[in-house]
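Peer 1: Return atomic coordinates for the entry below.
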Amino acid sequence: MTEVDLMEQFELTRAPVRHAIARLGHEGWLVAQSKRRYVVKPITLRDVREVFDLRKQLEPEAALRAAGRVNEARLAQFDEIMSQTYDPNDAESETRFFAANSALHCSIAEAAGNQRITQIVKKLHDESERILRVGMRYINWSHNWQHGHEELISALVSGQGELAAQIALRQINQSERIVMDAMTELLDEISFGLGPDVRNTKV
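Peer 2: Numbering: from 1, shown residues only. Have a look, this model is predicted:
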């Protein structure tokens, strides 16, 4: 895409488009291809591994610290939304699901009392959402992603920090396996003109 493309598509002047491009580039969503051309940063299997690796380091610790300090009603509300069936071809239901998922995990991080952890967890879930949305455009594996958080919420509410951390880690590991299996299946289904290094496979 170019600045002119974006100006025409969104009916904006050059200044806000450049500001948006600069911000998206800073956050790692856009890559400059030339002076005036940009591409959306591709997803690689290495990206997926790194996102989940960082989640496994941060979220169990956040759950440990948040135990006994969470808002049970708020978490239950988010979990109820995530427990409902959604269609990856229905943008509204998909967006509702991902928003609730991110809000639940960010609420736990907030209860842990560290705003920087909360900000990082939010960014990690934004990246996870992009990975999931791209994958589900090709393969409908959304049903595998739906799982309740009742066990985690119960441990958090009752103040069982160690148990909450273990549950959080187990759920992240389960999610990672689902995503990696789906991404591998996706790469088997679609030709992307890839190089030999699977760690940097682009989607």
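Peer 1: From now on I want contacts and neighbour counts done on CA atoms only, so please keep to that.
Peer 2: Will do.
Peer 1: how about the helices in the protein?
Peer 2: 3-10, 14-26, 45-66, 72-83, 91-111, 115-138, 142-145, 150-157, 161-189 (DSSP state H).
Peer 1: Dump the ones you listed to a markdown table, plus mean pLDDT.
Peer 2: Conversion of the helices of the chain to a markdown table gives the following (pLDDT from 0 to 100):
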| stretch | mean pLDDT |
| --- | --- |
| helix 3-10 | 93 |
| helix 14-26 | 92 |
| helix 45-66 | 95 |
| helix 72-83 | 92 |
| helix 91-111 | 91 |
| helix 115-138 | 85 |
| helix 142-145 | 56 |
| helix 150-157 | 96 |
| helix 161-189 | 85 |
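Peer 1: Quick one: those helices as CSV, columns for mean neighbour count too.
Peer 2: Below are the helices of the chain laid out as CSV (neighbours: other C-alpha atoms under 10 Å):
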stretch, mean neighbour count
helix 3-10, 13
helix 14-26, 14
helix 45-66, 20
helix 72-83, 16
helix 91-111, 19
helix 115-138, 17
helix 142-145, 13
helix 150-157, 19
helix 161-189, 18
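Peer 1: what domains does the record give for the chain?
Peer 2: Using automatic domain parsing, the domains assigned to the chain come out as 3-40, 45-193.
Peer 1: Now for Ala67: which residues touch it?
Peer 2: With contact taken as C-alpha atoms under 8 Å, 6 or more residues apart in numbering, Ala67 is in contact with 112, 155-161, 164.
Peer 1: Report the central residue of the protein.
Peer 2: Per C-alpha atoms, centre = their mean, the C-alpha nearest to the average position across the chain is that of Ser128, at 2.2 Å.
Peer 1: In this structure that one contacts Glu50, no?
Peer 2: No: the pair Ser128 / Glu50 is not scored as a contact, 10.6 Å apart, by C-alpha atoms under 8 Å.
Peer 1: since we're on Lys35, how many residues are nearby?
Peer 2: 7 (other C-alpha atoms under 10 Å).
Peer 1: Tell me the spacing between it and Leu54.
Peer 2: According to C-alpha to C-alpha, to the nearest Å, Lys35 and Leu54 sit 33 Å apart.
Peer 1: Equivalent analysis for Ala15, please.
Peer 2: Ala15 sits 35 Å away from Leu54, going by C-alpha to C-alpha.
Peer 1: Give me the nearest residue to the residue nearest to the centre of the chain, chain neighbours excluded.
Peer 2: Using C-alpha to C-alpha, 6 or more residues apart in numbering and skipping residues adjacent in sequence, the residue nearest Ser128 is Val51, 7.3 Å away.
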